[in-house]
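> Quick check, what structure comes out for this input:
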Amino acid sequence: MSTVHDGTVATPALKYWRLHRALTQAELAHLAGTSESTIVRLERGGRTHAALARALTDALVEDMAAWMRELERDELVTDEGVDVTQSLTADQRAALARATASV
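Sure, this is the predicted structure:
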């Protein structure tokens, strides 16, 4: 997710992964322990220190783990794979569609 340069880290795919996880900027900021304005700045090409890049990565991974636990609890994980559409709200499906269309 990141590229190190001069002691700071670029996060070029942050917006993609945030949208892929169907998180708002505020939700990701909360999960990573930072401000929403920091998320906005990073998504616009800003750089950050490695510790925050790691916190963002951890937040996205932890959110994914929680999401998978919910899918398993709701029995949406089957031998054939995961039916994610049943567990997403309309807003989350729209965000996911936008994120995957731009890749």
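> quick one: contacts for Ser35?
Ser35 sits next to Ala29 when contact means CB atoms under 8 Å, 6 or more residues apart in numbering. Quick note: C-beta positions are derived from backbone N, CA and C, even for glycine.
> Now do the phi/psi pair for it.
Main-chain dihedrals, Ser35, degrees, to the nearest 10: phi -100, psi 160.
> quick one: buried residues of stretch 16-27?
For stretch 16-27, the neighbour count (16 or more other CB atoms under 10 Å) marks 17-23, 25, 27 as buried.
> Please identify the helix or strand for Val9.
Using DSSP states H and E, Val9 maps to strand 8-10.
> That strand pairs with which strands?
strand 3-5 (antiparallel), strand 47-48 (antiparallel) (DSSP bridges).
> Quick one: mean pLDDT over it.
Per-residue pLDDT over strand 8-10 has a mean of 72.
> following it, which helix or strand comes up?
The helix or strand immediately downstream of strand 8-10 is helix 14-20, counting by DSSP H and E.
> Okay, now the unreliable bits of this protein?
Scanning the chain for pLDDT under 70 picks out 1-7, 63-88, 96-103.
> these two touch, right, Glu62 and Leu31?
Yes - between Glu62 and Leu31 there is a contact under CB atoms under 8 Å: 7.0 Å.
> Those two: which has the busier surroundings?
Taking neighbours as other CB atoms under 10 Å, Glu62 and Leu31 compare with Leu31 leading, 19 against 12.
> Name the SS class of that one, please.
With DSSP: H, G, I helix; E, B strand; the rest coil as the basis, Leu31 sits in helix.
> tell me the contacts of it?
Listed by CB under 8 Å, 6+ apart, the contact partners of Leu31 are 23, 59-60, 62-63.
> Which two of those residues have the greatest separation?
The largest separation in the contacts of Leu31, counting by CB to CB, is between Leu23 and Glu62 at 11.4 Å.
> My guess is Ala32 contacts Leu52. True?
Yes - here Ala32 reaches Leu52: they are 7.1 Å apart, a contact under CB under 8 Å.
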